[in-house]
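1. sequence first, predicted model second:
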Amino acid sequence: MLKLLKKIVTTGIVTEKCKAPKDAELETLGIEIKRRIDKKFSGSIAIRQVDAGSCNGCELEIHAINNPFYDIERFGIHFVASPRHADVLLVTGPVSRHMQTALLRTYEATPNPKWVVAVGDCAVCGGEFGQSYACCGAVSNVIPVDMTISGCPPTPLALMKGLLGLLDR
């Protein structure tokens, strides 16, 4: 034990300093989003993400916009746990029959004015699953959709561009 402690003390910290990566397109897009949010929402916008039956590809990209590289919260976009605190519903996946009632309740619980964004090809048009006995298909078949972001899955930059387009409305 003492031998290990001595090694730790004598070696010290051996990691390298990590520089934050710079992406010019990301920065300009983020600044524009922040400017429009400040103008329309007095500082921040709250998003509730709903998985209506997806494969989780879109969720991984949505989670990526919260990582330290994209860090969408610095631009005034926050994800919330309750639809009662949300301005925007971000819905992914084709709506399965089991999730139809939950999606309707989430939509009704979100205060007005609210926006609904269908994210990914499955949410936009039903994708490979279409409409069947087990699937309602696109999100627009269940609740009104204000904007769609296509892609399978859409990249974090595509998501940010879609949110910027939503703020133009």
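-> That came through fine.

2. for the longest helix seen in the chain, which helices and strands make contact with it?
-> For the chain, the longest helix by residue count, based on DSSP state H, is helix 24-41. Judged by 3 or more CB pairs under 8 Å, 6 or more residues apart in numbering; DSSP states H and E, the packing partners of helix 24-41 are helix 156-167. C-beta here means a position set from N, CA and C on the backbone, and glycine is covered the same way.

3. what residues sit buried inside the helix it packs on?
-> Pro156, Leu159, Met160, Lys161, Gly162, Leu163, Leu164, Leu166, Leu167 (16 or more other CB atoms under 10 Å).

4. pLDDT and distance to Val95 added to the residues you listed, as a markdown table?
-> As requested, the buried residues of helix 156-167 are exported to a markdown table (pLDDT from 0 to 100; distance: CB to CB, whole Å):
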| residue | pLDDT | distance to Val95 |
| --- | --- | --- |
| Pro156 | 91 | 24 |
| Leu159 | 92 | 20 |
| Met160 | 91 | 24 |
| Lys161 | 91 | 24 |
| Gly162 | 91 | 19 |
| Leu163 | 90 | 21 |
| Leu164 | 90 | 26 |
| Leu166 | 89 | 20 |
| Leu167 | 87 | 25 |
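
5. now the longest helix of the chain: buried residues?
-> Using 16+ other CB under 10 Å as the test for burial, helix 24-41 gives Leu26, Leu29, Gly30, Ile33, Lys34, Arg36, Ile37.

6. contact partners of the following helix or strand past that helix?
-> Using DSSP states H and E, the helix or strand that directly follows helix 24-41 along the chain is strand 45-51. With CB atoms under 8 Å, 6 or more residues apart in numbering as the test, strand 45-51 has contacts from 37, 59, 62, 76-83, 85-93, 99, 102-103, 106, 110, 167.

7. chain center to strand 45-51: distance?
-> Here the centre of strand 45-51 is set off from its chain's centre by 7 Å, with CA atoms, centre = their mean, to the nearest Å.

8. give me the sheet partners of it and which way each runs.
-> Paired neighbours of strand 45-51 in the sheet (DSSP bridges): strand 77-79 (parallel), strand 88-92 (parallel).
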